[in-house]
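Enquirer: I would like the atomic coordinates for the input below:
(one chain, ligands or ions: 2)
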Amino acid sequence: VPGWRWHLAVAASAGFAELDASWPLLRDALARRGFRAVVEAWDDESMGWASFDVVMPLYCWGYATRVAEFLSWAEATGGAARLVNPAAVIAWNADKRYLVELAADGVPVVPTTWVGPGEQWTPPAGEFVVKPAVASGAAGAARYAPSAGEAADRHVRRLHAAGATAMVQPYQSRLDTAGETAVVFVDGQPTHAVRKGPLLDAGAGEVDRLWEREAISATTARAEQIEVATRALASAGRRAGAGATYARVDLLDGETGPVVLEVELIEPTLHLLHAPEAAGRLAAALARVVTGA
Ligand SMILES: Nc1ncnc2c1ncn2[C@@H]1O[C@H](COP(=O)(O)OP(=O)(O)O)[C@@H](O)[C@H]1O
Ligand SMILES: [Mg+2]
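Expert: Ligands and ions are numbered 1, 2, ... in the order given. Have a look, this model is predicted:
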């Protein structure tokens, strides 16, 4: 088709039948900026990533089950093509231990105890959550009653046996009423927010599916939420040594204000159907990346 200026590949997990429902919207927004955009499996070894102007790993859901392989793919692809977000950002963001760095930069985060293989731990007071440091889509997370210490300890040991670091957090009960607020950013600017309902049922054990299934609705983030999310993203950029063209910061209501649950810079669902204009802003940002503007 004449008029294509650039070729863009959205890298995805193989068998991407559950493609983000907003893909046609994003593809059309990209087309209006001159990008011919296709979806390709990130682990397809026949792919010549260098032939694309931009490779965007936005649909690589489930990479966490093959994180070492995925990070070497990102490193290699970032060396051969323009990877957005950059490989350094992806490597920094793949392990939630980045929360320690955010906290060191003064960003409020969900209080977390990190339990590495072989380390002892004691549960916090009240209900609590155990989850792996490397994960997405709530995989491997579970919520425990104060009396369920033994089951939780078995969970921690299973994570350790798999070589993972466990995260233990007090269950943030305001989530049940206020929900989780996800603030989406393009080029460091907040574009829109959605509210996500709670995901972990008491006593349900570990989440074993790969994709989140929470109730989503459009919302308007409060000023203090935008402020905390913006600081989290700025800290992430400094710590990773590169900026993020697209980002999502997930917040919960803590005891004294918003706290960061996670910063998603690899394959965030951007909830573009809730804010179609954000797709246009992402396409424009990608055009700026390619032109160096
Ligand atoms: N400390 C917590 N308190 C309450 N709910 C939590 C907590 N940690 C995780 N959850 C629930 O589990 C989900 C997945 O956890 P999250 O830290 O976002 O990991 P992932 O990267 O897998 O999305 C969250 O969206 C939330 O519903
Ligand atoms: Mg999450």
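Enquirer: tell me where the stretch 1-150 of the chain has helices.
Expert: 23-32, 67-80, 87-93, 98-104, 149-161 (DSSP state H, counting those that start in this stretch).
Enquirer: so what's the residue of the stretch 1-150 of the chain found nearest ligand 1 scoring on pLDDT?
Expert: Using C-beta to the nearest ligand atom, the closest approach of the stretch 1-150 of the chain to ligand 1 is made by Ala138 at 3.6 Å. Quick note: C-beta positions are derived from backbone N, CA and C, even for glycine. Per-residue pLDDT puts Ala138 at 82.
Enquirer: contacting residues for Val89?
Expert: 236-237, 240, 242-244, 265 (C-beta atoms under 8 Å, 6 or more residues apart in numbering).
Enquirer: same thing with Gly116?
Expert: The contact partners of Gly116, by C-beta under 8 Å, 6+ apart, come to 160, 165-166.
Enquirer: do that again at 10 Å, thanks
Expert: Neighbouring residues of Gly116 by C-beta atoms under 10 Å, 6 or more residues apart in numbering: 97, 133, 159-160, 164-166.
Enquirer: any idea of the pLDDT on it?
Expert: In this prediction Gly116 is given a pLDDT of 98.
Enquirer: how close does it get to Ala133?
Expert: Using C-beta to C-beta, to the nearest Å, we find Gly116 at a distance of 9 Å from Ala133.
Enquirer: so Lys196 sits right up against Val183, yeah?
Expert: No: taking contacts as C-beta atoms under 10 Å, Lys196 lies outside contact range of Val183: 11.5 Å.
Enquirer: show me the contacts for the nearest residue to Pro268 once chain neighbours are set aside.
Expert: Sequence neighbours aside, Arg248 is the residue nearest to Pro268 in space, at 3.7 Å (criterion: C-beta to C-beta, 6 or more residues apart in numbering). Each residue near Arg248 by C-beta under 10 Å, 6+ apart is listed here: 182-185, 193-194, 229, 233, 262-265, 267-271.
Enquirer: try Val84
Expert: Neighbouring residues of Val84 by C-beta under 10 Å, 6+ apart: 8, 54-58, 78, 90, 244-246, 282, 285-286, 289-290.
Enquirer: which secondary structure elements does the helix ranked longest in the chain contact?
Expert: Determined from DSSP state H, the single longest helix within the chain is helix 223-240. If you count contacts as 3 or more C-beta pairs under 10 Å, 6 or more residues apart in numbering; DSSP states H and E, helix 223-240 packs onto helix 87-93, helix 98-104, strand 180-186, strand 189-196, strand 246-253, strand 258-264.
Enquirer: show me what the mean pLDDT comes to for the fifth one.
Expert: Right, the one you point to is strand 246-253. The predicted model gives strand 246-253 an average pLDDT of 98.
Enquirer: now it, how far from the chain's geometric center?
Expert: On the basis of C-alpha atoms, centre = their mean, to the nearest Å, strand 246-253 sits 9 Å off its chain's mean C-alpha point.
Enquirer: direction included, what does it pair against?
Expert: strand 180-186 (antiparallel), strand 258-264 (antiparallel) (DSSP bridges).
Enquirer: show me how far the helix or strand encompassing Gln169 is from its chain's centre.
Expert: Using DSSP states H and E, Gln169 falls within strand 166-170. With C-alpha atoms, centre = their mean as the basis, strand 166-170 stands 18 Å off its chain's centre.
Enquirer: make TSV out of the contacts of Gly116 and add distance to Asp208 and pLDDT.
Expert: Shown next, in TSV, are those (distance: C-beta to C-beta, whole Å; pLDDT from 0 to 100):
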residue	distance to Asp208	pLDDT
Arg97	23	98
Ala133	18	97
Leu159	14	96
His160	18	97
Ala164	15	95
Thr165	19	97
Ala166	16	98
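Enquirer: taking the helices of the stretch 1-150 of the chain together, which one is wrapped up most tightly?
Expert: Of all the helices of the stretch 1-150 of the chain, helix 87-93 carries the top mean neighbour count, a mean of 22, counting by mean count of other C-beta atoms under 10 Å.
Enquirer: I'd like the average pLDDT over it.
Expert: What helix 87-93 shows for mean pLDDT is 98.
Enquirer: and stretch 98-113, C-alpha only, in PDB?
Expert: Extracted C-alpha coordinates of stretch 98-113, given in PDB (Å, rounded to 0.1, in the frame of the first residue of the first chain):
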ATOM      1  CA  TYR A  98      11.900  -2.600  41.400                       C
ATOM      2  CA  LEU A  99       9.400  -1.600  44.100                       C
ATOM      3  CA  VAL A 100      12.400  -1.300  46.500                       C
ATOM      4  CA  GLU A 101      13.900   1.300  44.200                       C
ATOM      5  CA  LEU A 102      10.600   3.200  43.900                       C
ATOM      6  CA  ALA A 103      10.400   3.300  47.700                       C
ATOM      7  CA  ALA A 104      14.000   4.500  47.900                       C
ATOM      8  CA  ASP A 105      13.000   7.400  45.700                       C
ATOM      9  CA  GLY A 106      10.200   8.300  48.100                       C
ATOM     10  CA  VAL A 107       7.300   6.800  46.100                       C
ATOM     11  CA  PRO A 108       4.700   5.100  48.300                       C
ATOM     12  CA  VAL A 109       4.400   1.400  47.500                       C
ATOM     13  CA  VAL A 110       2.400  -1.500  49.000                       C
ATOM     14  CA  PRO A 111       4.400  -2.600  52.100                       C
ATOM     15  CA  THR A 112       6.300  -5.700  51.000                       C
ATOM     16  CA  THR A 113       8.400  -8.400  52.600                       C
END
